[in-house]
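Q: Provided below for reference: sequence and predicted model.
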Amino acid sequence: MSVSFRQGLVNARSHIAMILGLLLAFGLIVFLEGWEGLKPPENLPRLQELQDIPSPTCTLLSQTEREWAAAAWRYFENNLQPKTGLVNSADGFPSTTLWDTASYLLALISARRLELIPRHVFDQRLSQALLSLDRLDLFEGLLPNKAYSSETLAMSGYDNTPSPKGIGWSAIDLARLLVPLHIIVWDYPEHSPEARKILSRWSWTALADKGQLVGAAVRSGKTVLVQEGRLGYEQYAARAAALAGLDMSVAGDHYAFLSLRPQYGVDVPTDQRDASTLDAHNYVLSEPYILDGLEFGGGRLSGEFAWRVYLAQEKRWQKTGILTAVSEDHIDQDPYFVYNTVFVNGEFWKAITDDGKDAEAFKTLSTKAAFGWHALYRTKYTAKLLEAVKSLYDPQRGWQAGVYEKNGQPNRSINANTNAVVLESLAFMQNGPLLPIRRSPQMASQP
């Protein structure tokens, strides 16, 4: 039976609304990419005073690189919870965060684009994970809690202790989850209704206030709203949050709190806000800049800042002989999670815990940072980084997190974030960015 044009529009109105919403979100992203906010500081050196940023082309992976990708994917096969379809944040530890779940979804998408898994496996895994996300109990009925049991979906603390009321939400983690959700909507339309159901159920407007990212924490039994993000993480998360149409005019401004600090001849972008005045650490490390490049394709400002952060690490190696690729990482001993930094709270090359305690003994050459920087730049130095970590995998378990600087021993933690970034990096090398804002390089193969 034929229908009129008018009736067709009525029938399709939900799909049209979704498309218009996505176009608006991408318009906001492009706006953030081109907008410079405050006038650039006068002392910001021009990019060409450093050197041109490498921009390698996509190439098919070698057989060895495909074996590396298969090892990374094995982690997600081993740690899948069959009842929920979610994945453990660390090997054998039945807990997950929204950041870890985003990592899993991006690993799943990367594995499919590299043809490590057939389409029906991808579809089944994706549907089950999205269904579980839609079933999550929400903190105060607004947004997902910071952590959940990957086995039961019960709200928990980071140590996987049950927390029926929850411990708050992380704006940074939730913004990252928007990246795979929007890839799903754009590239896998048969799963769009599942993704849209999640997007419409959660109260995304609670994530932003006056152009900034807002998280929630529980202190002395009371919920407290806190600004989240420092330079690097903040702009990466702002770009992702803009996908939901949120006002990120402050969080997306690279210049708002910028302070350039010299190190080994490189002016390193740091955040003026630190733990001495505000209850947050201004970590400068590899991960947010790597993810911005792998997922969005970078940008004029984020690309320049990424290159400066990378170059400082290469210069440290040139000056000290210490191979350097630092990031946040799980470690295989107490305190189990450490921020290895280029700069934090007024000091270069410090390693600290999330509560600011010294963790110098756990400085690490990070596997995921080595893979990420190599995918983005493929320089002689990134080749050295890759050479240093290329043996840190078990084909049956996945990739270890890195190598300790102090003694050269492996950091034997095997976790979702490390293996997801390895997969994202290899997928980028072959196919370019996962969610490019601007036109990406010619793909070497199709998903």
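A: The structure has been received and is ready for your questions.
Q: and the residue nearest the centre of this protein?
A: Centroid check for the chain by CA atoms, centre = their mean gives residue 291 as the closest residue, at 5.0 Å.
Q: from residue 233, how far off is that one?
A: 9 Å (CB to CB, to the nearest Å). The way it works is simple: take the backbone N, C-alpha and C, and place the C-beta from them, glycine included.
Q: now residue 295
A: Distance from residue 295 to residue 233, by CB to CB: 14 Å.
Q: ditto for residue 303
A: Taking CB to CB, one finds residue 303 at 16 Å from residue 233.
Q: likewise residue 393?
A: In terms of CB to CB, residue 393 sits 27 Å off from residue 233.
Q: the two: which is more packed in?
A: Remark: of residue 393 and residue 233, residue 233 carries more neighbours, 26 against 23, as counted by other CB atoms under 10 Å.
Q: quick check: that one vs residue 225, distance?
A: Residue 233 is 18 Å from residue 225, by CB to CB.
Q: can you check residue 364 too?
A: 33 Å.
Q: so between those two, which is more surrounded?
A: Between residue 364 and residue 225, residue 364 has the larger neighbour count (other CB under 10 Å), namely 25 against 14.
Q: report the secondary structure element holding the closest residue to that one other than its chain neighbours.
A: Distances taken as CB to CB, 6 or more residues apart in numbering put residue 402 closest to residue 364, at 4.2 Å, once the chain neighbours are dropped. Using DSSP states H and E, the element containing residue 402 is strand 398-404.
Q: host element of residue 368?
A: Using DSSP H and E, residue 368 maps to helix 367-377.
Q: output that helix as PDB, nothing but the C-alphas.
A: The C-alpha trace of helix 367-377 is given here as PDB (Å, rounded to 0.1, in the frame of the first residue of the first chain):
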ATOM      1  CA  THR A 367      52.500  -0.400  26.500                       C
ATOM      2  CA  LYS A 368      49.400   1.500  25.400                       C
ATOM      3  CA  ALA A 369      51.300   4.800  25.200                       C
ATOM      4  CA  ALA A 370      54.000   3.200  23.000                       C
ATOM      5  CA  PHE A 371      51.400   1.800  20.600                       C
ATOM      6  CA  GLY A 372      49.300   5.000  20.600                       C
ATOM      7  CA  TRP A 373      52.200   7.300  19.800                       C
ATOM      8  CA  HIS A 374      53.500   4.900  17.200                       C
ATOM      9  CA  ALA A 375      50.100   4.700  15.500                       C
ATOM     10  CA  LEU A 376      49.900   8.500  15.400                       C
ATOM     11  CA  TYR A 377      53.400   9.400  14.300                       C
END
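Q: residues in contact with the next helix or strand after it: which ones?
A: Moving toward the C-terminus from helix 367-377, the next helix or strand (DSSP H and E) is helix 380-389. Helix 380-389 is contacted by residues 314, 317, 323, 325, 365, 367, 369-371, 373-374, 402-403 when judged by CB atoms under 8 Å, 6 or more residues apart in numbering.
Q: helices along this protein, start to end?
A: Listed in chain order, the helices found in the chain under DSSP state H are 5-11, 13-34, 63-78, 98-113, 119-135, 171-187, 192-201, 233-241, 287-291, 300-320, 367-377, 380-389, 416-431.
Q: and those, which one averages the lowest pLDDT?
A: Among these, helix 5-11 has the lowest mean pLDDT, at a mean of 41.
Q: buried residues in stretch 73-92?
A: Buried residues in stretch 73-92, counting neighbours by 16 or more other CB atoms under 10 Å, are found at 73-76, 78-81, 84-91.
Q: how far is it from where the chain is centred?
A: 18 Å (CA atoms, centre = their mean, to the nearest Å).
Q: try stretch 306-324
A: On CA atoms, centre = their mean, the centre of stretch 306-324 falls 22 Å from the chain's centre.
Q: close enough to count as contact, the residue nearest to the centre of the chain and residue 236?
A: Yes. Under the criterion of CB atoms under 8 Å, residue 291 makes contact with residue 236 at 5.9 Å.
Q: shared neighbours, these two?
A: Among the neighbours of residue 291, those also in contact with residue 236 (CB under 8 Å, 6+ apart) are residue 176.
Q: using CSV, write out every CA atom in stretch 117-130.
A: Provided in CSV are the C-alpha atoms of stretch 117-130 (Å, rounded to 0.1, in the frame of the first residue of the first chain):
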residue,chain,number,x,y,z
ILE,A,117,35.6,-11.3,14.4
PRO,A,118,32.7,-12.1,12.0
ARG,A,119,29.8,-9.8,11.8
HIS,A,120,27.4,-12.0,13.7
VAL,A,121,29.7,-12.2,16.7
PHE,A,122,30.0,-8.4,16.6
ASP,A,123,26.3,-8.0,16.4
GLN,A,124,25.6,-10.4,19.3
ARG,A,125,28.2,-8.9,21.6
LEU,A,126,27.2,-5.4,20.8
SER,A,127,23.5,-6.0,21.4
GLN,A,128,24.1,-7.7,24.7
ALA,A,129,26.4,-4.9,26.0
LEU,A,130,23.9,-2.2,25.0
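Q: residues in contact with that stretch?
A: With contacts defined as CB under 8 Å, 6+ apart, stretch 117-130 is touched by 73, 80, 84-86, 101, 104-105, 108, 111-112, 184, 188, 190-191, 194-195, 197-198.
Q: please indicate which of these are buried?
A: 73, 80, 84-86, 101, 104-105, 108, 111-112, 184, 188, 191, 194-195, 198.
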